[in-house]
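Peer 1: Can you look at this prediction? I've put the sequence above it.
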Amino acid sequence: MKPVFEDFFRVELPRLIVFLVYQGAPSAAAEDAAQEAMVEAYRKWPEITTPRTWVRTVASRAWGRLLGSKGLPGELSNDAPHAAANAGPLEKVLQSEQHRDAIAAIQQLPARQRQVMAWTYDGFRPQEIAQILGITGDDVRANLYKARQTLRKTRGGAL
């Protein structure tokens, strides 16, 4: 059963922003792309059959458009929101030192590996990721393997 949009929005917006940050989006751009995807989801809500997949796909495309249109540098950002006394749940997650380190490590991966890791961290299986990204399951598994190997080396064995 599909959740009511308001419930979906409340639960998924912070997760969607983190998903985009894992792919290399600065937090402000991730928030913009996530909001754009959620607005579009609201408009098309009755038609959407797999909301989590749908908003992540739309948000990823929105982030890609932002990258292209603003001519953002190729260098990725790990700019988690700055600490604030009244930080919300998203900011608290992004501010933790361990999480910042993980984001920085993931953002050093090649683009496809970042993409596969972001989808994996969000709970999608390799076959689902393959369908979403339009690549083979073997390609997903190979990218996931390479990403994990690199992250183990980079982070001293910790994932």
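Peer 2: Happy to help now that I have it.
Peer 1: Break the chain down into its domains, please.
Peer 2: Residue ranges for the domains of the chain, per automatic domain parsing: 1-74, 96-159.
Peer 1: Mind putting those domains into JSON lines with mean neighbour count and mean pLDDT?
Peer 2: From N, CA and C alone the C-beta is placed, and that goes for glycine too. Rendered in JSON lines, the data for these read as follows (neighbours: other CB atoms under 10 Å; pLDDT from 0 to 100):
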{"stretch": "domain 1-74", "mean neighbour count": "17", "mean pLDDT": "89"}
{"stretch": "domain 96-159", "mean neighbour count": "16", "mean pLDDT": "89"}
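Peer 1: ok, and what's touching the helix or strand encompassing residue 115?
Peer 2: Counting by DSSP states H and E, the element that carries residue 115 is helix 111-121. Residues outside helix 111-121 that contact it (CB atoms under 8 Å, 6 or more residues apart in numbering): 19-20, 22-24, 56, 60, 106-107, 109, 126, 128-129, 132-133, 140, 143-144, 146-147, 150-151.
Peer 1: In terms of secondary structure, what does the longest helix along the chain contact?
Peer 2: Longest helix in the chain, counting residues (DSSP state H): helix 51-70. Helices and strands touching helix 51-70, by 3 or more CB pairs under 8 Å, 6 or more residues apart in numbering; DSSP states H and E, are helix 5-22, helix 27-44, helix 126-133.
Peer 1: Columns distance to residue 119 on top of the ones you listed, output as JSON lines?
Peer 2: Listed next are the helices and strands packed on helix 51-70 as JSON lines, based on distance: least, CB to CB, whole Å:
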{"stretch": "helix 5-22", "distance to residue 119": "8"}
{"stretch": "helix 27-44", "distance to residue 119": "15"}
{"stretch": "helix 126-133", "distance to residue 119": "5"}
